[in-house]
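In: Can you look at this prediction? I've put the sequence above it.
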Amino acid sequence: MTEIEKFRSDVHRVLKHERRDSTGNYDGQRACQTVADLFIKFNSGLEELSKSISEYWLETYIFSSKNIANEPTEENIEWLMAALSFLSGDSQNCECFTKKDWQSLAEIVNYEAEDIPIELLTSLMGILLEKKVV
């Protein structure tokens, strides 16, 4: 099982517990915050970068949802999985990112650059150049 597959599995486990523990009062916003926290934990050593990306995800895809009670959708979980892929230096699983997403990710990486290990920063910048956003 890859790290990304483990993340998906853990997200579904978190959501299952959230639904079970809410006794019929599932709170999609709270569940998504828990998923965002899990995303940060999965990126040990990159907490600030991960936090900025998860905040972007929450603001862009969750809090603006017309049906937040059903969040996170599979599509929004896939977005975070793509972000994990991006943070591992792989752009192959990032098809779901829009041009706006790529621009926002570039801004986040630039803002957090001094705290990103140089090898990873080089890899992320390479992906951003490949996507023509820097």
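Out: Received it, and whenever you're ready, just let me know what you need. Numbering: from 1, shown residues only.

In: what's the distance between the helix ranked longest in the chain and the middle of its chain?
Out: In the chain, assigned by DSSP state H, the helix with the most residues is helix 3-21. Remark: helix 3-21 is offset 14 Å from the chain centroid, using C-alpha atoms, centre = their mean, to the nearest Å.

In: before we move on, what about stretch 68-83?
Out: Chain-centre distance of stretch 68-83: 9 Å, with C-alpha atoms, centre = their mean.

In: hang on, the earlier thing: could I get the buried residue list for the longest helix of the chain?
Out: 4, 7, 8, 11, 14, 15, 18 (16 or more other C-beta atoms under 10 Å). The way it works is simple: take the backbone N, C-alpha and C, and place the C-beta from them, glycine included.

In: and if you look at stretch 43-50?
Out: Neighbour-count burial for stretch 43-50 [16+ other C-beta under 10 Å]: 43, 46, 49, 50.

In: Now the terminal residues of that stretch, how far apart.
Out: With C-alpha to C-alpha, to the nearest Å as the measure, stretch 43-50 spans 7 Å from end to end.

In: Now for the protein, the helix or strand with the poorest mean pLDDT.
Out: Ranking every helix and strand in the chain by mean pLDDT, DSSP states H and E puts helix 3-21 at the bottom, with a mean of 94.

In: Just the angle for the next helix or strand after it relative to helix 3-21, thanks.
Out: With elements assigned by DSSP states H and E, the helix or strand that comes after helix 3-21 is helix 28-42. Here the directions of helix 28-42 and helix 3-21 differ by 150 degrees (axes from the mean of the first three to the mean of the last three C-alpha atoms, to 10 degrees).

In: Tell me which residues of helix 28-42 come out buried.
Out: Neighbour counts over helix 28-42 (16+ other C-beta under 10 Å) mark 28, 31, 32, 34, 35, 36, 38, 39, 40, 42 as buried.
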